[in-house]
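Undergrad: A structural model of the following input is requested.
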Amino acid sequence: MSAHQGKMRKHVLELPRGLVFLWIFLFAVWLVINASMELPVVASGALVSLVLSWIFLRRSNVWRIEMTPRRALHFLAYTGVFFTEMVKANIEMLRYVYAPRIDIRPGIVKINVRLTSPIGRLALANSIALTPGSLVLDITDNAMFIHWLDVKTTDPEKASEMIAGAFEKHLGAAFG
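TA: Numbers count the residues shown, from 1 in each chain. Reported below is the predicted structural model:
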């Protein structure tokens, strides 16, 4: 067997593992967005999720994630952390909105990113951007530049811990 055939065989064997994980993830997102368990919605969601998963996996190796029980557990833990951080940030925004005097110090801070996988970095950037009060402006090598509504520190290490620390632990274990 040639090296090319070996690569092709390995590529075909890896496809189902990544396909199943990505399909389950996209299907779960579909169900949450549609908020319905009616048969047509579930059936069309299963089909659309499967087709999208297949397209994503064929076009890029980024989506080929080897899912183990440990990684799945960390992904679930990350989901819980994300929702907790989102609730905390929304409460903080309410405090700013309803305060008689708004006392904020907006600014741009640099945070250091320890995640190495493109999917892990993407999930971190989206987590930060979806959390009220922060927005990712730029991603460079091992850093992200964040617009922070109320800058509490400009030290990159402290800012990294305050903004990304809760997410990075589980994202690193789930995606690398």
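
Undergrad: buried stuff in stretch 51-65?
TA: 53, 56-57, 63-65 (16 or more other Cβ atoms under 10 Å). Where C-beta positions appear, they are placed from N, C-alpha and C, glycine not excepted.

Undergrad: nope, stretch 153-165 is what I was after
TA: 159-160, 162-164.

Undergrad: Ok, stretch 138-156 next?
TA: 144, 146-149, 151.

Undergrad: In space, not sequence, find me the middle residue of the chain.
TA: Note on the chain: the residue nearest the mean C-alpha position is residue 123, at 2.0 Å, using Cα atoms, centre = their mean.

Undergrad: May I have the secondary structure class of that one?
TA: helix (DSSP: H, G, I helix; E, B strand; the rest coil).

Undergrad: Skipping adjacent residues, who's closest to it in space?
TA: residue 171 (5.4 Å; Cβ to Cβ, 6 or more residues apart in numbering).

Undergrad: Dump stretch 108-125 to PDB, keeping only the CA atoms.
TA: What follows is stretch 108-125, C-alpha atoms only, in PDB (Å, rounded to 0.1, in the frame of the first residue of the first chain):
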ATOM      1  CA  ILE A 108      -8.800  48.200  25.000                       C
ATOM      2  CA  VAL A 109      -6.700  45.500  26.800                       C
ATOM      3  CA  LYS A 110      -4.400  42.800  25.600                       C
ATOM      4  CA  ILE A 111      -5.000  39.300  27.000                       C
ATOM      5  CA  ASN A 112      -2.700  36.300  26.500                       C
ATOM      6  CA  VAL A 113      -4.200  33.200  25.000                       C
ATOM      7  CA  ARG A 114      -2.900  29.800  25.900                       C
ATOM      8  CA  LEU A 115      -5.100  27.800  23.500                       C
ATOM      9  CA  THR A 116      -3.500  26.400  20.500                       C
ATOM     10  CA  SER A 117      -6.300  24.800  18.400                       C
ATOM     11  CA  PRO A 118      -8.200  27.100  15.900                       C
ATOM     12  CA  ILE A 119     -11.500  25.800  17.300                       C
ATOM     13  CA  GLY A 120     -10.500  26.500  20.900                       C
ATOM     14  CA  ARG A 121      -9.400  30.000  20.000                       C
ATOM     15  CA  LEU A 122     -12.600  30.600  18.000                       C
ATOM     16  CA  ALA A 123     -14.800  29.400  20.900                       C
ATOM     17  CA  LEU A 124     -12.900  31.600  23.300                       C
ATOM     18  CA  ALA A 125     -13.200  34.700  21.000                       C
END
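
Undergrad: Mind listing residues that contact it?
TA: Here stretch 108-125 makes contact (Cβ atoms under 8 Å, 6 or more residues apart in numbering) with 62-63, 65, 78, 136-137, 139, 142-148, 151, 153-154, 156-157, 159-160, 163-164, 167-168, 171-172, 174-176.
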